[in-house]
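In: sharing a sequence plus its predicted fold:
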Amino acid sequence: MNKIPSQAHADSRFKTVQNPYQSTIGTNIKLFKKGEIILLTTPTTNFSGLINKGLVYLIGENESSERGIIDYFEKGDLLYQQAPLTLPDNTFFLLAKTECAINLVNLQSFPQFPSNSEHNLMNLLRKFEKKSSTHLYILQQRTLRRKLLLYFTYLKQLTGTNIFTVPLCYTDLADYLSADRSSLMRALQKLNSEGLLKSHKRTIELFDPSK
């Protein structure tokens, strides 16, 4: 288990975030090792960046040191912590699940890109908001079966194909969906047997139930 850094260490590690940083994409990139805590969020956290490489988790930890995955971010995603979670006796932080490269950006002076560009700020913010809203809606579902089907449908829309790779390992996916791994694997096996999908390791082929 990664030790959560003190606030002094977090402020020192990310002192560039507290100062005006580069606004041009690709000019202020920071590298993080697998398992490294990127940022400990506080009420005054003001952080934004684009992920150039890797997988990042937003994690919450309670007073009993129990951790949960709140969200995850992949290559091309906008890391946006303008109003971070703050609850008494709970800690929230960004963790590099894999080796990561993150480009710090200032949203106030974000470069202008065409409206159809993946780097267009409004497109990045819409993607961020859609993903967060989708996750909340998935968590509201009463059955794990429904949660999985909705999540896989979201990935199908995101990738533009019915064959895709789940970005999280199944242990972490179970955490992300507020379930335990054994229940998730049973639900996945049942969806396979019903012909709604075919899974091989983390590769999913989602079938159209109307056909």
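Out: Received the coordinates, thanks.
In: mind saving the C-alpha coords of stretch 61-73 as PDB?
Out: The C-alpha trace of stretch 61-73 is given here as PDB (Å, rounded to 0.1, in the frame of the first residue of the first chain):
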ATOM      1  CA  GLU A  61      -9.300   6.600   1.700                       C
ATOM      2  CA  ASN A  62     -11.300   6.600   4.900                       C
ATOM      3  CA  GLU A  63     -10.100   6.700   8.600                       C
ATOM      4  CA  SER A  64      -9.800   2.900   8.500                       C
ATOM      5  CA  SER A  65      -7.400   3.000   5.600                       C
ATOM      6  CA  GLU A  66     -10.000   1.400   3.300                       C
ATOM      7  CA  ARG A  67      -9.600   2.700  -0.300                       C
ATOM      8  CA  GLY A  68     -11.900   3.000  -3.200                       C
ATOM      9  CA  ILE A  69     -11.600   4.000  -6.800                       C
ATOM     10  CA  ILE A  70     -13.700   7.000  -7.500                       C
ATOM     11  CA  ASP A  71     -12.600   7.600 -11.100                       C
ATOM     12  CA  TYR A  72      -9.900   6.800 -13.600                       C
ATOM     13  CA  PHE A  73      -8.200   8.700 -16.400                       C
END
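In: domains in the chain, by residue range?
Out: 7-112, 141-206 (automatic domain parsing).
In: quick one: these as JSON lines, columns for mean pLDDT, mean neighbour count and distance to Thr134 too.
Out: No exception for glycine: its C-beta is placed from N, CA and C like everyone else's. Formatted as JSON lines, the domains of the chain follow (pLDDT from 0 to 100; neighbours: other CB atoms under 10 Å; distance: least, CB to CB, whole Å):
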{"stretch": "domain 7-112", "mean pLDDT": "77", "mean neighbour count": "16", "distance to Thr134": "11"}
{"stretch": "domain 141-206", "mean pLDDT": "97", "mean neighbour count": "15", "distance to Thr134": "5"}
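In: columns distance to Arg126 on top of those, output as CSV?
Out: Below are those laid out as CSV (distance: least, CB to CB, whole Å):
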stretch, distance to Arg126
domain 7-112, 10
domain 141-206, 13
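In: for His135, which of those is the nearest?
Out: Checking the domains of the chain against His135 by CB to CB gives domain 7-112 as the closest, at 6.6 Å.
In: how far does the closest one sit from the chain's center?
Out: From the chain centre to the centre of domain 7-112 is a distance of 11 Å (CA atoms, centre = their mean, to the nearest Å).
In: same deal with stretch 188-196?
Out: 26 Å.
In: contacting residues for Lys147?
Out: Residues in contact with Lys147 (CB atoms under 8 Å, 6 or more residues apart in numbering) are 138-139, 141, 177, 179.
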